[in-house]
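In: model the structure of this input:
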Amino acid sequence: MRALICDDYTGIKDLRVGELPDPEPFPGTVLVKIEAVAVNFADSLTVSGQYQVLPEVPFAPGSEVAGVIESADGLDTVSVGDRVCGFVGLVGGMAEKGILFPNTMASLPDEVSFETGAAIPVAYGTSYHALVDRADLDPDDTLLVLGAAGGVGLAAVEVGSVIGAKVIAAVSSEEKAAMVREAGADYVIRYDEVPLREGIKEATGGAGVDVVFDPVGGEMTELALRDTKWNGMLLVIGFASGTIPRIPINLSLVKGNSIVGVFYGRHVMEEPDKSAEDLQKIVDWVADGKLNPHVQKTFSLDEAADAIAWVADRKVIGRVVVTP
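Out: Purely as a prediction, here's the structure:
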């Protein structure tokens, strides 16, 4: 099958389109003809050897896909021809075919496109798991989303809005501000114009926030943590800034707050039934119009390395999708 191939951990510049062996399904799995795969910031880290896990080379990057089932050996809950979206694992998505487990996928209604479906599993799965399972976000809570115009950040804005929380979105341009407002943000902080903490104080009347959703890392993390309320929570999603912050741990003591890690891939492995239930609920919300994944740009498989670079360079607002 054709795929985008990482032969070694030398980065985006050395990715190539070529042939990989077709994946071999086994009983209890489904083989999917991949129609679309979403690009994540983690893909750039993985092909550069900077992710927490190093897959065996050669591999095709990409983790969240949508497509059509070609085989379903030993399963009576799905059928050949069914439309699905799901999480193939850390890698394997930017290819013509992939393997999904029943607990890593959800049925995709006809009214939801494959491009939209591919944008659902990881970004919305991460956001839902973080805000619902980890933070137990309440309609009375105030949620601060850093990097709010990125794929997972924009998903968090939408999920927080559906829950009914007051959502404060931090972005760096007016174009991004317009997008997060459309997604349901109640207040926008332009941190390219005002310091983050000043923006938080203005948005909350000095009260601070209950929950921080942080896929950015770097200096933003400590700044946001300093403006959580008593018993507040910082959700550690990732480090799109490229810097893992070093937090003075006394902040947690004096603020009485919590620093909580969110690793969606591990959640899928450790709690498969719960993650599958969450994913189907998210897809249902999309079908009902409660969530509206924004796909900014679509690339062909031959352009897939450019798609990863587009996301790595933080040019994206919403999601970028590759169509194998």
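In: give me the buried positions along stretch 69-89.
Out: Residues of stretch 69-89 classed as buried under the neighbour-count rule (16 or more other CB atoms under 10 Å) are I69, A72, D82, R83, V84, C85, G86, F87, V88, G89. For every residue, glycine as well, the C-beta is placed using N, CA and C.
In: now intersect these with the strands, please.
Out: Of the buried residues of stretch 69-89, the ones assigned to strands by DSSP state E are I69, R83, V84, C85, G86, F87.
In: my guess is S252 contacts G232. True?
Out: No. Using CB atoms under 8 Å, S252 makes no contact with G232, being 9.9 Å away.
In: what do these two both touch?
Out: A shared contact of S252 and G232, defined by CB atoms under 8 Å, 6 or more residues apart in numbering, is any residue touching both; here these are S258.
In: the two - which one has more neighbours?
Out: G232 (23 against 16; other CB atoms under 10 Å).
In: report pLDDT for the more buried one.
Out: The pLDDT attached to G232 in the predicted structure is 96.
In: find the nearest non-adjacent residue to it, please.
Out: Counting by CB to CB, 6 or more residues apart in numbering, the nearest residue to G232 once its immediate chain neighbours are dropped is N257, at 4.2 Å.
In: contacts only, for that neighbour.
Out: Under the criterion of CB under 8 Å, 6+ apart, the contact list for N257 reads L225, T228, K229, W230, N231, G232, M233, L234, L251.
In: which of the buried residues of stretch 69-89 sits closest to V53?
Out: Closest to V53 out of the buried residues of stretch 69-89 is G89 (9.7 Å), distances taken as CB to CB.
In: would you check that that closest one makes contact with G265?
Out: Yes. Checked against CB under 8 Å, the pair G89 and G265 is within contact range at 7.5 Å.
In: any common contacting residues for these two?
Out: Between them, G89 and G265 share these contacting residues under CB under 8 Å, 6+ apart: S63.
In: gap between the helix or strand harbouring T298 and the chain center?
Out: Here T298 is covered by strand 295-300, with elements defined by DSSP states H and E. Taking the mean of its C-alpha atoms, strand 295-300 sits 16 Å from the chain's own mean (CA atoms, centre = their mean, to the nearest Å).
In: do the same with stretch 85-97
Out: Here stretch 85-97 is found 14 Å from its chain centre; the criterion is CA atoms, centre = their mean.
In: what does stretch 55-75 give?
Out: Computed by CA atoms, centre = their mean, the separation of stretch 55-75 from the middle of its chain amounts to 18 Å.
In: point out the other helices and strands that the helix or strand containing A123 packs with.
Out: Taking DSSP H and E as the criterion, A123 maps to helix 121-128. When contacts are defined as 3 or more CB pairs under 8 Å, 6 or more residues apart in numbering; DSSP states H and E, helix 121-128 packs onto strand 30-38, strand 64-71, strand 83-87, helix 151-163, helix 264-270, helix 272-287.
In: show the subsequent helix or strand relative to that helix.
Out: Moving toward the C-terminus from helix 121-128, the next element (DSSP H and E) is strand 142-145.
In: so what secondary structure elements neighbour that next one?
Out: Checked by 3+ CB pairs under 8 Å, 6+ apart, strand 142-145 has helix 151-163, strand 166-171, strand 209-214 packed alongside it.
In: among those, which is nearest D302?
Out: For the helices and strands packed on strand 142-145, proximity to D302 was assessed by CB to CB; helix 151-163 is nearest, at 22.2 Å.
In: which residues are in contact with P21?
Out: Each residue near P21 by CB under 8 Å, 6+ apart is listed here: M1.
In: so it, which of the three states?
Out: coil (DSSP: H, G, I helix; E, B strand; the rest coil).
In: so it versus L45, what's the distance?
Out: The gap separating P21 from L45 is 25 Å, by CB to CB, to the nearest Å.
In: give me the below-cutoff pLDDT ranges for the stretch 151-300 of the chain.
Out: Residues of the stretch 151-300 of the chain that meet the criterion pLDDT under 70 are absent altogether.
In: run the last query once more with 90
Out: 151, 240-242, 264-266, 268-269, 272 (pLDDT under 90).
In: domains for the protein, by residue range?
Out: For the chain, automatic domain parsing gives the domain ranges 2-120+293-323, 123-264.
In: these: which one's closest to K281?
Out: domain 123-264 (7.6 Å).
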